[in-house]
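In: Below are the sequence and a predicted model for it; my questions follow.
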Amino acid sequence: MSDAPANEILFTYDTLRIPQVQLDTFGRLMYGDADVLPGYTVDYVDIEDPHAVSSAQASRPIVRHTGNPLDKVVGAAVRITEDELDAADEYKVEEYHRERVRLASGLDAWVYVGHGMDRAIHPE
C-alpha cells in the first residue's frame with residue numbers, strides 16, 4: 001500500500017488471516033508471529049453488510065473482553081503500516097471496533113472487538 005514503516009501491530013484472529021482477504025484489503029500477504037490475547041473470548045456474530053458477506057462467511061468470530069485470565073484468544077501479531085490499519089478499519093463492519101490491548105508476549109497491539117454484542121451468537 002505504501003512505503004511507510006510497519007510501526008503498528010495488529011492482532012489477527014479472524015477473516016484478516018485469510019490470504020485472499022489480506023490481498024484484497026492490504027494488497028499483500030501478512031505474516032505475523034503466533035500470539036495470545038488473554039482475558040478475552042471468541043463469540044460469533046451474524047454479519048448483515050452484503051459487501052462484507054460476499055468477501056467471507058456471514059457468521060464471523062468476534063472477540064469480547066471477559067477479564068478472566070483463563071480466557072484467551074489464539075491468533076497472530078502482524079506488523080502493519082498506518083495506511084494498512086486504516087484499510088483494516090474500512091474492511092471491518094459496524095459490529096467491530098478497534099482497541100488497544102496487551103498480548104501475552106508483552107506486545108501492545110490493536111485488535112478488533114465486538115460492540116453490539118446483543119446480536120452475538122454464543123457457541124454451545
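Out: Arrived safely.

In: and the helix ranked longest in the chain, C-alpha only, in CSV?
Out: Ranked by number of residues, the top helix in the chain under DSSP state H is helix 82-91. What follows is helix 82-91, C-alpha atoms only, in CSV (Å, rounded to 0.1, in the frame of the first residue of the first chain):
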residue,chain,number,x,y,z
GLU,A,82,-0.8,3.2,9.5
ASP,A,83,-2.3,3.1,6.0
GLU,A,84,-2.9,-0.6,6.3
LEU,A,85,-4.5,-0.1,9.7
ASP,A,86,-6.9,2.4,8.0
ALA,A,87,-7.6,-0.2,5.3
ALA,A,88,-8.4,-2.7,8.1
ASP,A,89,-10.8,-0.2,9.6
GLU,A,90,-12.6,0.1,6.3
TYR,A,91,-12.8,-3.6,5.9
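
In: tell me the angle the helix or strand just after that helix makes with helix 82-91.
Out: Using DSSP states H and E, the next helix or strand after helix 82-91 towards the C-terminus is strand 96-102. Interaxial angle, strand 96-102 versus helix 82-91 (axes from the mean of the first three to the mean of the last three CA atoms, to 10 degrees): 140 degrees.

In: And strand 96-102, what does it pack against?
Out: The contact analysis (3 or more CB pairs under 8 Å, 6 or more residues apart in numbering; DSSP states H and E) places strand 96-102 against helix 82-91, strand 108-114. Where C-beta positions appear, they are placed from N, C-alpha and C, glycine not excepted.
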